[in-house]
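Undergrad: okay, here's the prediction I keep looking at, along with the sequence it came from:
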Amino acid sequence: MEELVNLFHGFAVALQPFNIMVMIVGIVLGVVIGVLPGLGGANGVAILLPLTFSMPPTSAIIMLSCIYWGALFGGAITSILFNIPGEPWSVATTFDGYPMAQKGKAGEALTAAFTSSFVGALFAVAMITLVAPLVASFALQFGPAEKFAVYFLAFCSFVGLSKEPPFKTIAAMMIGFALAAVGLDSITGQLRLTFGFTELLNGFDFLIAVIGLFGIGEILLTMEEGLAFRGGNAKINLRVVLQTWKELPAYWITSLRSCLIGCWMGVTPAGATPASFMSYGIAKRVAKNGSNFGKGEIEGVVAPETAAHAAGTSALLPMLSLGVPGSPTAAVLLGGLLIWGLQPGPMLFVEQKEFVWGLIASMYLGNIVGLLVVLTCVPIFAAILRVPFSIIAPLILVLCAIGAYSVHSSTFDVMLMLVFGVIGYLLKKCNYPLAPLVLAIVLGDKAEEAFRQSLLGSQGSLGVFFSNTLVSAIMVLGLIALFWSVIQQGYSRLRGAVA
Amino acid sequence: MKHTAQTALGAIAALCAVGISVPATAAWEPVRPVEFIVPAGTGGGADQMARTIQGIVTKHNLMKQPLVVINKAGGAGGEGFLDLKTSGGNPHKIIITLSNLFTTPLATGIPFSWKDLTPVAMLALDEFVLWVNAEKPYKTAKEYVDAVKAAPPGSMKMGGTGSKQEDQIITVAVEKATGAKFTYIPYKGGGEVAVQLVGNHLDSTVNNPIEAVAQWRGGKLRPLCVFDAQPMAYDEQIADGKSWKDIPTCKSQGLDMEYLMLRGIFMPPRATKDQIEYYVELFKKVRATPEWQDFMKSGAFNTTFLTGADYAKWVEAEEKRHETLMKDAGFLASTGN
Amino acid sequence: MTTGSSSKSGPAHKLVETGITLLITLFGVIVIIGSLKAGINWGAEGPRAGFFPFYIGIFIVASSAINLWNGLRENNDELFAEWGQLRQVMSVVIPTAIYVGAMPFTGLYLASMIFIAWFMRWLGKYPWLTVLAVALGMPIVTYLIFERWFLVPLPKGPVEEWLGL
């Protein structure tokens, strides 16, 4: 086991006092970045990148990757407390996390989210340690057709089986796709649906839509019901952490499944967002109490968080071994590596052993340090809900405005956010589901791009989506997921007929 | 309340006055953080260069005020250019450009031209290299072009970054020069393109050196020729005993096409001479640092540095060339939307 | 402050829902028009820019038609919300709209101070001291975190210009 020897050497590097200090600073900064909407992980890493310029490369990358961890942890906090996902992959966490907080179980939800993040990330790091070269070659098999198939699967496993009327679900989803299509069409390099407005060049950014639909919409709903945030009676001591821990092992199957989904999505690289949605969708279908999802099930927090963080972590693997970033944050980290004269790619693992294994070791340690830091803060976070609504609401609105502004540095986006807020309120009152809309905004243009790239390559033949075993298998899985409820019904009817 | 607020504001003002010492007239200097706009996404070539510059400026204390990198990638960079166009007279904003300075307005009809900006300096020129997968038998550009010609038209896939931008312009020019026919597939980023080539989802690419060098060193890709008038200057060995300098020019391989991509700096309209002078001096200092030289080497950049009228003349000629190239390729925006 | 005369009246759910469905239909029609402009056929480069949005637009219009039909058929006498509740909602929407609309002119900081102060004083009835502390403290902390530490420029107006920030 040469890898293990290298890893221990890496631990020795990461455990130097200076590096440990760097780690803690990184985690705290990361949590701050994750909590503030608009200061995403990519942003945070990008901003702090030049500051690390004067450090040795290993310490610098440890710091940056710890900021990355911190941001991953931090993203869950606002999702659970205020229904405002600071990062795209935290959206699925709001579905059950926020209802839990409303029931006064904010502490439990936060603990579950943090612990799941930790498990997911740890699983992914272990995978990177043990099977990195194997996984890298798997990632190379993903061309446009395979990527489209993955998006298709993510979509199919999430959609279907909702409480809302089916045609409202379709309408909501299509609105999302339409919004995603606005702006520059990446295949033809042509503007579409902008009607000559230069403000629409950027299209509709996911974060602005989500801050509006979820965050502002929720405040408006709260206003309608009177001036109070429910959930102020959340327990605010550390015992809640231990109590939740006792509950969590029961969900080990969900956990494991989410880890696998996350690693797969992170490596391909489809990213953390589809991973979280897909994992949530599948958990909802196969869990015993799946029908309770959306009302505050702890399992509905475990599934997306685990998957998102397994994906976020494993996304670093294609970055290191292939030089392809699996996420925007990884893209900025990649830039960092280049600045230090480290060339990511197949040779990095051979030529820069100390660096690579120092980084991997710091992933283990950074993750543990991160978990400790955020868990001790659970009571503090939960206590935020006790702040009276008429103080916290304007502060949230201001933070939302800052978040929306900083996406493109445009005040137009802030107005857009408010419009989305009102739309979110109205749609929710009229029983339109918002989750498919958001998923469509996130995945819509990526899926379309992959689809059209594939067709370009195959010169217009749709057969490309069934041209090899890998892509066919994923497509078939997607179709099964799409028609899951029909299949389930048919199966039980069949069993009834036999019996 | 009003009174209290005024007092508070006064206090803040006083604090700030202490913090900022007023510069002694003459030479202009920034008095607040300078926004460094990147009209492309995070992690791309322009972004990497901007962040490297930011790092160098911070490390060597080249500016008294911070330099803040901001990505404005919407509409193939149109977002960033329009932002500068509308910030006339604001000296605390600069932009790093790539070829989309020319291609974006031409291909999308976004109301913008480089003449709306103030040219500051050309930092470097980025090279383009024709790459194939190392498993393929083609050793020279000629062998590859012959293979493309022999294959059914359109069955060979050329990958590149963006649509109707530099990579696709080169592809079309190659088609024109050789009579071969490719299918061009656009991707979001250069790194992704290189990996798609490694995974054999493409037949060739025209990646910049920095985007594909790792795969070359890993023995996954093979450079065939460089789209420049002379070979690149760097003779340090990279892979299989070859250096950047050993890559022949495409012209010498019968592929008559030259293309270099601008990495230059512009300011918003109505900048004063002093202000331009300040930034020119700043970038001269940046270029003198060892970090910058390392960066140039790692990406095998052409390090031509131009300022003032020479730079403007170069940009003007280049715009004309792009217009011709894009017109020939049929890439000009047809409708206004 | 909402209890009283308007306890059980308000816009009918059916009415609001019909309105929203029609708005979504309109959105779908706009999408279709935009797609037609971009070209909806199958060109040399595969489907053209408007190909997918066009069918998405069609789907929006079609599903809205079904939703409209379902909504009108349903026997639903419920209220969308009471007027008092809506007034509460508007008491957030309108000031936020003013806040957002003022931001390009006054900058974020000044607008936020006034907005927070208004919200706390008007809806929360807090003493002026608390109001001031929060309304001034939050923008200052924001300034420090965003502009000083993370170097993210936020919109500024004449006051900041004058202060030289």
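TA: Right, received. Where do you want to start?
Undergrad: rest of the way, CA atoms for contacts and neighbours
TA: Fine.
Undergrad: tell me which residues of the lengthiest strand in chain B come out buried.
TA: Ranked by number of residues, the top strand in chain B under DSSP state E is strand B:118-126. Buried residues in strand B:118-126, counted by 16 or more other Cα atoms under 10 Å in any protein chain shown: B:Thr118, B:Pro119, B:Val120, B:Ala121, B:Met122, B:Leu123, B:Ala124, B:Leu125, B:Asp126.
Undergrad: stretch B:125-136 now?
TA: Neighbour-count burial for stretch B:125-136, with 16+ other Cα under 10 Å as criterion, is recorded at B:Leu125, B:Asp126, B:Glu127, B:Phe128, B:Val129, B:Leu130, B:Trp131, B:Val132, B:Asn133, B:Ala134.
Undergrad: isn't the fourth one up against B:Phe227?
TA: Which is B:Phe128. Yes. Counting by Cα atoms under 8 Å, B:Phe128 does reach B:Phe227; the two are 5.6 Å apart.
Undergrad: past the longest strand of chain B, which element shows up next along the chain?
TA: Sequence-wise, the next helix or strand downstream of strand B:118-126 (DSSP states H and E) is strand B:129-133.
Undergrad: any part of that following strand near chain A?
TA: No. On the criterion Cα under 8 Å from any Cα of the partner chain, strand B:129-133 is out of touch with chain A, staying 12.8 Å away.
Undergrad: residue boundaries of the helices in chain C?
TA: Along chain C, counting by DSSP state H, helices occupy C:13-38, C:51-73, C:83-106, C:108-122, C:128-142, C:158-163.
Undergrad: pLDDT wise, what is the residue positioned nearest the centre of chain B at?
TA: Taking Cα atoms, centre = their mean, the centroid of chain B lies closest to B:Leu98, which sits 3.3 Å from it. We have a pLDDT of 88 for B:Leu98.
Undergrad: how's chain C carved up into domains?
TA: Using automatic domain parsing, the domains assigned to chain C come out as C:13-73, C:83-163.
Undergrad: no no, chain B
TA: Using automatic domain parsing, chain B is parsed into the domains B:31-126+B:261-329, B:129-253.
Undergrad: need those in JSON lines (columns: distance to chain C).
TA: Putting the domains of chain B into JSON lines (distance: least, Cα to the nearest Cα, whole Å) gives the following:
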{"stretch": "domain B:31-126+B:261-329", "distance to chain C": "6"}
{"stretch": "domain B:129-253", "distance to chain C": "9"}
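Undergrad: out of those, which is closest to A:Ala126?
TA: Minimum separation from A:Ala126 across the domains of chain B (Cα to Cα) falls at domain B:129-253, 24.2 Å.
Undergrad: how many residues are close by residue 104?
TA: You didn't say which chain, so I picked chain A. When neighbours are defined as other Cα atoms under 10 Å in any protein chain shown, A:Gly104 has 19 of them.
Undergrad: looking at chain C here, not the other one
TA: Residues within reach of C:Pro104, counting by other Cα under 10 Å, total 17.
Undergrad: contacts only, for it.
TA: By Cα atoms under 8 Å, 6 or more residues apart in numbering or on different chains, the contact set of C:Pro104 is A:Thr411, C:Pro155, C:Lys156, C:Gly157.
Undergrad: may I see the buried residues of stretch A:442-454?
TA: Those would be A:442-454, for stretch A:442-454 by 16+ other Cα under 10 Å.
Undergrad: in chain B, which ranges drop under the pLDDT threshold?
TA: For chain B, the stretches with pLDDT under 70 are B:1-26, B:43, B:334-337.
Undergrad: burial count for residue 144?
TA: You didn't pick a chain, so chain A it is. When neighbours are defined as other Cα under 10 Å, A:Pro144 has 26 of them.
Undergrad: looking at chain C here, not the other one
TA: As a burial measure, C:Leu144 scores 13 neighbours (other Cα under 10 Å).
Undergrad: how about the residues of the stretch 101-250 of chain A by chain C?
TA: Contacts of the stretch 101-250 of chain A with chain C, taken as Cα under 8 Å from any Cα, map to A:167-168, A:170-171, A:174-175, A:177-178, A:181, A:185, A:187-188, A:190-195, A:220-221, A:223-226.
Undergrad: separation between A:Thr94 and A:Val119?
TA: 19 Å (Cα to Cα, to the nearest Å).
Undergrad: ok, now B:Ala27?
TA: For B:Ala27, the distance to A:Val119 - Cα to Cα - is 57 Å.
Undergrad: who has more neighbours, these two?
TA: With neighbours defined as other Cα under 10 Å, B:Ala27 and A:Val119 compare such that A:Val119 has more, 23 against 11.
Undergrad: element containing that one?
TA: Assigned by DSSP H and E, A:Val119 falls in helix A:106-139.
Undergrad: next one: the helix or strand following that helix to chain centre, how far?
TA: As assigned by DSSP H and E, the chain's next helix or strand after helix A:106-139 is helix A:144-158. Between the centre of helix A:144-158 and the centre of its chain there are 16 Å (Cα atoms, centre = their mean, to the nearest Å).
Undergrad: quick one: the very next helix or strand once past helix A:144-158 near chain B?
TA: Note on helix A:144-158: by DSSP H and E, the next helix or strand toward the C-terminus is helix A:166-181. No. Helix A:166-181 stays clear of chain B (Cα under 8 Å from any Cα), getting no nearer than 12.2 Å.
Undergrad: contacting residues around stretch A:164-177?
TA: For stretch A:164-177, the external contacting residues (Cα under 8 Å, 6+ apart) are A:431-434, A:436-441, A:444-445, C:28, C:53, C:56-57, C:59-60, C:63-64, C:66-67.
Undergrad: please produce JSON lines containing the buried residues of stretch A:442-454, extended by secondary structure, distance to chain B and pLDDT.
TA: Converted to JSON lines, the buried residues of stretch A:442-454 look like this (DSSP: H, G, I helix; E, B strand; the rest coil; distance: Cα to the nearest Cα, whole Å; pLDDT from 0 to 100):
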{"residue": "A:Val442", "secondary structure": "helix", "distance to chain B": "16", "pLDDT": "83"}
{"residue": "A:Leu443", "secondary structure": "helix", "distance to chain B": "15", "pLDDT": "85"}
{"residue": "A:Gly444", "secondary structure": "helix", "distance to chain B": "15", "pLDDT": "86"}
{"residue": "A:Asp445", "secondary structure": "helix", "distance to chain B": "12", "pLDDT": "83"}
{"residue": "A:Lys446", "secondary structure": "helix", "distance to chain B": "10", "pLDDT": "86"}
{"residue": "A:Ala447", "secondary structure": "helix", "distance to chain B": "13", "pLDDT": "90"}
{"residue": "A:Glu448", "secondary structure": "helix", "distance to chain B": "12", "pLDDT": "90"}
{"residue": "A:Glu449", "secondary structure": "helix", "distance to chain B": "8", "pLDDT": "89"}
{"residue": "A:Ala450", "secondary structure": "helix", "distance to chain B": "9", "pLDDT": "91"}
{"residue": "A:Phe451", "secondary structure": "helix", "distance to chain B": "12", "pLDDT": "91"}
{"residue": "A:Arg452", "secondary structure": "helix", "distance to chain B": "9", "pLDDT": "89"}
{"residue": "A:Gln453", "secondary structure": "helix", "distance to chain B": "6", "pLDDT": "90"}
{"residue": "A:Ser454", "secondary structure": "helix", "distance to chain B": "9", "pLDDT": "90"}
